[in-house]
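Trainee: Any chance you can model this:
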Amino acid sequence: MTDIQSMANAIRFTALDSILNAGEGHQGVPLGMAEIAATLYARHLKVDPKDPLWPDRDRVVLSNGHGSMLLYSLLHLAGYAHVSTDALKSFRKLGSVCAGHPEIEQEAGIELTTGLLGQGIACSVGMAVAEARLAAQFGAGLVDHRTWAFVGDGCLQEGVGHEAISLAGHLQLGKLTFLWDDNHITDDGTTDLSISEDVPARFRAANWHVQDVDGHDIEAISAAIDAAKADPRPSLIACRTVIARGIPRLQGQRGGHSAPLTPADSDEARALLNWDHAPFDLPENVRQDWAACMERGTQAHAAWQSRIDGHASAAVFHQWTSGTLPNDWAATMQGITADQASVRTPRPTIQSSGEICDALVQTLPDTLVLCADLEAPTNHKRSRTAFDASDRSGSYVHCGVREHLMGSMCDGIAAHRGLRPVNVTYLAFADYERPAMRMAAVMGLPALFVFSHDSIGVGSNGPTHQPVEILASFRAMPNMKVFRPADAVETAEAWALAMEATDGPSLFALSRQPADQVRDTCPDNLTARGAYVLHEADGARDITLMASGTEVGLAVAARQALAEMGIQAAVVSMPCWELFDAQDAEYRASVIGTAPRIGIEAAMKFGWERWLQEGDHFIGMNGFGASDQSAKLYEHFGITVDAIVQSARSMTQKPALT
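Mentor: Residues are numbered from 1 along each chain as shown. Coordinates of the predicted model:
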């Protein structure tokens with residue numbers, strides 16, 4: 001008979017020993033949630049520690065990521081090879097898989113955890129969407145798993161948490177379960193310092209299945225999980241717990257969260273819970289119980305393997321879950337790019353992006369577009385059908401006005417694997433998604449964040465919708481590729497690069513205002529170099545005009561005007577600074593040249609210092625925008641062909657030709 005209480009105490013003391021050894025940590029979660037976690041793993045969870053990347057495994061998200069020793073203890077006890085005793089002893093040390101706040105290390109069993117409270121449960125909604133979409137594609141024989149999230153009070157207080165609750169209930173994600181550590185304690189003290197609402201009532205109002213249990217009663221927890229699995233709605237199990245249970249000095253107290261522990265705390269806990277084993281010493285009977293419980297997942301994995309072997313959809317399934325592009329990918333993108341180049345009429349790059357996204361429906365059916373109630377102005381739905389509560393086969397998710405959640409869902413979908421998430425909204429709302437986008441960059445998740453309305457070109461909606469500073473802020477983010485394409489061809493090239501990326505996210509800043517078609521197709525993807533000479537000077541350069549986005553069209557027109565004045569200008573298009581910075585110094589020097597330079601972008605100058613020298617000029621914004629038509633605003637703020645020409649003349653000191 002499996003002794004789940006001893007399995008729970010093994011979690012407690014594995015965590016306690018590791019925190020004491022490190023000299024710091026957050027003991028409240030692992031000590032308070034030990035019975036909840038042990039019950040889930042012992043009786044319900046479907047994982048195979050021998051193959052942590054098995055596609056049909058259950059996903060466990062630690063949303064209250066400060067309680068990381070709960071997860072590390074579980075992975076160690078469950079037999080994940082990467083989380084060894086030595087790894088536990090290196091908790092919070094440089095290079096350890098047991099970081100203070102883990103993010104992702106799926107080979108070690110760390111699916112996705114978050115230090116930013118609320119992000120984890122929002123990501124878990126994306127994971128549940130991914131499971132449902134893949135199950136609709138391949139059937140329950142290949143895809144039939146659940147998503148579990150360990151949740152703290154802070155996760156449910158952050159605003160993104162309410163967005164997650166709302167959409168998950170609307171979509172009826174019945175394989176999503178939140179296990180809430182309802183201990184009535186936050187960092188500052190009891191939760192009634194800042195909240196008095198009926199939290200479970202919020203879930204009930206959003207059409208969730210809700211249960212309240214004693215979080216230390218193993219049988220009650222197990223029965224609640226059984227009921228959750230049987231209900232078609234997403235489930236909240238509100239588990240009333242005692243924070244830091246087992247340490248007499250701290251249990252149930254504010255200090256139970258993360259107060260420094262002492263050897264005396266360990267001695268008293270061992271005495272209280274009858275745990276007479278040395279630090280990191282796991283009794284053989286407890287270890288055997290853990291191993292026996294994990295055998296259930298190993299057997300489920302073997303049965304799944306027998307189903308997929310020879311399955312008619314096996315090859316396609318492996319292609320989707322590995323993220324492999326189709327064999328004809330290069331030819332497909334060349335065709336799409338040629339189609340975009342063939343239309344010479346100026347048009348917004350957000351329109352071109354929508355056309356490209358639609359053209360990829362058949363080639364990349366694993367793309368899943370998420371949009372925040374902006375289907376018409378962003379135009380990325382087109383021939384796609386909606387993923388909803390009644391039809392899981394759609395490839396477009398109406399996320400409503402929930403940008404915070406939508407960004408996090410993209411992280412969850414990318415971390416789940418099997419789908420390519422495409423996030424679509426306005427660039428002004430990117431700051432709502434910044435925590436999720438930063439997480440995608442930290443974790444190296446290949447999500448695509450498509451933003452329209454990139455500049456003052458938005459026009460009369462005014463400065464709230466004109467993101468003059470946002471390009472610079474995301475260019476400052478490590479491992480985030482920021483693309484601002486000049487025209488339809490560069491937009492297609494950026495799409496190719498984003499779909500080929502495997503090690504981090506991409507951001508598209510696309511225009512509402514028409515973009516001149518400045519490019520033709522060529523055998524190489526020029527955007528892949530980050531910047532390139534679009535038009536060389538006729539002879540030695542007098543000036544180099546460097547621009548991104550629709551301002552490249554202004555630079556091209558200015559070059560022609562300058563040529564008529566005897567001033568030889570080169571035009572450099574800079575669609576992605578990060579890719580350009582990654583090129584060798586010789587290539588960068590050949591593009592930028594030694595002539596004076598003018599940077600041109602309808603955004604703030606911040607960051608352009610990387611490419612401009614002392615004495616060079618910048619034509620762009622130096623403050624927020626205003627409300628008027630796009631053309632009027634470009635004229636008002638001096639981002640015009642004439643301004644470029646006058647600037648170039650002043651730098652070259654050449655008079656106009658008569």
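Trainee: contacting residues around the residue nearest to Pro279 when sequence neighbours are not counted?
Mentor: Closest residue to Pro279 in three dimensions, ignoring its sequence neighbours and counting by CB to CB, 6 or more residues apart in numbering: Asp17, at 4.1 Å. Where you see a C-beta, it was placed from the backbone N, CA and C, and this is true even at glycine. With contact set as CB atoms under 8 Å, 6 or more residues apart in numbering, Asp17 has these partners: 88, 266, 279-280.
Trainee: Check Ile225 too.
Mentor: Contact partners of Ile225, counting by CB under 8 Å, 6+ apart, are 39-40, 43-44, 177, 237.
Trainee: if we can go back for a sec, widest-spaced pair of the contacts of Asp17?
Mentor: Taking CB to CB as the measure, those span a maximum distance of 14.8 Å, between Leu88 and Ser266.
Trainee: Compare these two and say which is more crowded by neighbours.
Mentor: Of the pair Leu88 and Ser266, Leu88 is the one with more neighbours under other CB atoms under 10 Å, namely 24 against 19.
Trainee: Nearest to Glu375 among the contacts of Asp17?
Mentor: For the contacts of Asp17, the residue nearest Glu375 by CB to CB is Leu88; the value is 48.8 Å.
Trainee: Against Leu20, how distant is Lys89?
Mentor: Separation of Lys89 from Leu20 (CB to CB, to the nearest Å): 11 Å.
Trainee: where does the chain dip in pLDDT?
Mentor: Screening the chain residue by residue with the criterion pLDDT under 70, one finds the ranges 654-658.
Trainee: any idea which helix is longest in it?
Mentor: The helix spanning the most residues in the chain, taking DSSP state H as the definition, is helix 284-308.
Trainee: what are the phi and psi values for Ala331?
Mentor: With angles defined as degrees, to the nearest 10, Ala331 shows backbone torsions of phi -70, psi -40.
Trainee: tally of neighbours for it?
Mentor: Neighbour count for Ala331, taken as other CB under 10 Å: 10.
Trainee: Show me where the stretch 401-550 of the chain has its strands.
Mentor: In the stretch 401-550 of the chain, strands defined by DSSP state E, counting those that start in this stretch lie at 420-426, 448-452, 481-483, 506-509, 532-535, 543-547, listed in chain order.
Trainee: Stretch 537-544: end-to-end distance?
Mentor: Looking at stretch 537-544, the gap from its leading to its trailing residue is 8 Å under the measure CA to CA, to the nearest Å.
Trainee: so how far is that stretch from its chain's centroid?
Mentor: Averaging C-alpha positions (CA atoms, centre = their mean, to the nearest Å) puts stretch 537-544 43 Å from its chain's average.
Trainee: Can you give me the buried ones in that stretch?
Mentor: The neighbour-count criterion (16 or more other CB atoms under 10 Å) identifies 537, 541-544 as the buried residues of stretch 537-544.
Trainee: which one among the residues you listed gets closest to Arg392?
Mentor: In terms of CB to CB, no member of the buried residues of stretch 537-544 lies closer to Arg392 than Thr544, at 52.1 Å.
Trainee: The closest one against Pro596, yeah?
Mentor: Yes: between Thr544 and Pro596 a contact is recorded at 7.2 Å, counting by CB atoms under 8 Å.
Trainee: Quick one: end-to-end length of stretch 603-614, please.
Mentor: Here the two ends of stretch 603-614 are set 20 Å apart, with distance taken as CA to CA.
Trainee: Other residues contacting it?
Mentor: Residues outside stretch 603-614 that contact it (CB under 8 Å, 6+ apart) are 455, 467-472, 475-476, 546, 574, 577, 581, 592, 596-597, 599, 601, 618, 620-622.
Trainee: Could you give the number of residues near the closest residue to Thr191 other than its chain neighbours?
Mentor: Ranked by CB to CB, 6+ apart and with sequence neighbours excluded, the top spatial neighbour of Thr191 is His184, at 5.0 Å. Look at His184: counted by other CB under 10 Å, it has 15 neighbours.
Trainee: what's the distance between His184 and Ser166?
Mentor: Applying CB to CB, one obtains 24 Å for the distance of His184 from Ser166.
Trainee: Likewise for Ala441?
Mentor: Relative to Ser166, Ala441 is positioned 27 Å away (CB to CB).
Trainee: repeat for Val83
Mentor: When CB to CB is the yardstick, Val83 and Ser166 sit 35 Å from each other.
Trainee: more crowded one of these two?
Mentor: Set Val83 next to Ser166 and count neighbours by other CB under 10 Å: Val83 wins out with 25 against 20.
Trainee: Where does the more buried one sit: helix, strand or coil?
Mentor: Here Val83 takes the coil state, with states given by DSSP: H, G, I helix; E, B strand; the rest coil.
Trainee: so it sits right up against Tyr72, yeah?
Mentor: Yes: under the contact definition of CB under 8 Å, Val83 touches Tyr72, with a separation of 5.7 Å.
Trainee: No more questions from me, cheers.
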